[in-house]
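A.B. asks: One predicted model, sequence on top.
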Amino acid sequence: MVWFDPGGTTGWAHLVVDFKAFSRPEHRALRYVADWDCGEFTGDERQQCDYAIGMVWNMIKINTTMRPRIEVGLESFFLQQNIGGENLLAPVRINAVLDYELMRSCSLKVIYQAPSERTVATPERLRQFGFEGRWPTSGKGKDATSAMQHAVTRLKKLKEKSMVIPWKLESSATANAAWDCSCALAPKAGKPWRASEHDLVHP
């Protein structure tokens, strides 16, 4: 998972999440974050776009089996009248380039989140979640903080979504492993799943 917060400086955050984060309802997603990093890209808009696209491409090259599992997110742009200057529309231009180029060259459709959505992952909560750092909200590093907030917010959304899907991977599964349908456990819970509720079919 990679999230970008574009602008005069583009913040980025990269989370590597083990699939077990979503394989059982009782698994806490943040516990299965295997690795993470964040930072900022500086330079002109073209350079920032090159850096961002290069980061995604490097992820694909490191392990091609991970390509279908990569998610790229961007912060949506909302015009604020009290913010002006030459960087006012930089997020719009950078978002447009990344959206187009990642689809064209990587076949990746980006995800968008509004700026307000990330605010639930405050710097204090990031530290409580185990992400050590200063997490500044102004000055140098604030865009990296924003990107990290977006990534954590999205991860929690994905976990919530997984709770209503009656499928889970086997605990011992690795890449491209067989699927294990949770409906097999439903009779014990007294809530059998109807066939129409399945998002996948039995292999």
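C.D. replies: Everything's here; your move. Numbering: from 1, shown residues only.
A.B. asks: hey, let's count contacts and neighbours off CA atoms from now on
C.D. replies: Will do.
A.B. asks: Can you spell out which helices and strands pack onto the longest helix that the chain contains?
C.D. replies: In the chain, assigned by DSSP state H, the helix with the most residues is helix 142-162. Packed against helix 142-162 by the contact rule (3 or more C-alpha pairs under 8 Å, 6 or more residues apart in numbering; DSSP states H and E) you find strand 2-5, strand 10-17, strand 33-41.
A.B. asks: Just say which of those is most tucked in.
C.D. replies: Among those, the stretch with the highest mean neighbour count (mean count of other C-alpha atoms under 10 Å) is strand 2-5, at a mean of 29.
A.B. asks: which helices and strands sit right next to it?
C.D. replies: Against strand 2-5 (3+ C-alpha pairs under 8 Å, 6+ apart) you get strand 10-17, strand 72-75, helix 142-162.
A.B. asks: who wins for proximity to residue 62 among the helices and strands packed on helix 142-162?
C.D. replies: For residue 62, the closest of the helices and strands packed on helix 142-162 is strand 10-17, at 12.8 Å, according to C-alpha to C-alpha.
A.B. asks: Give me the contacts around that closest one.
C.D. replies: 1-5, 29, 32-42, 48, 141-148, 151 (C-alpha atoms under 8 Å, 6 or more residues apart in numbering).
A.B. asks: How is this structure partitioned into domains?
C.D. replies: With domains defined by automatic domain parsing, the chain comprises 2-164, 166-203.
A.B. asks: Please identify the most buried of those.
C.D. replies: Highest mean neighbour count of the domains of the chain: domain 2-164, a mean of 17 (counted as mean count of other C-alpha under 10 Å).
A.B. asks: now it, how far from the chain's geometric center?
C.D. replies: Relative to the chain's own centre, domain 2-164 is displaced by 6 Å; criterion: C-alpha atoms, centre = their mean, to the nearest Å.
A.B. asks: Could I get the helices and strands packed on helix 142-162 in TSV, plus columns for mean pLDDT?
C.D. replies: Below are the helices and strands packed on helix 142-162 laid out as TSV (pLDDT from 0 to 100):
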stretch	mean pLDDT
strand 2-5	95
strand 10-17	94
strand 33-41	94
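A.B. asks: May I see the ones you listed organised as CSV, with distance to residue 73 added?
C.D. replies: Formatted as CSV, the helices and strands packed on helix 142-162 follow (distance: least, C-alpha to C-alpha, whole Å):
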stretch, distance to residue 73
strand 2-5, 5
strand 10-17, 10
strand 33-41, 14
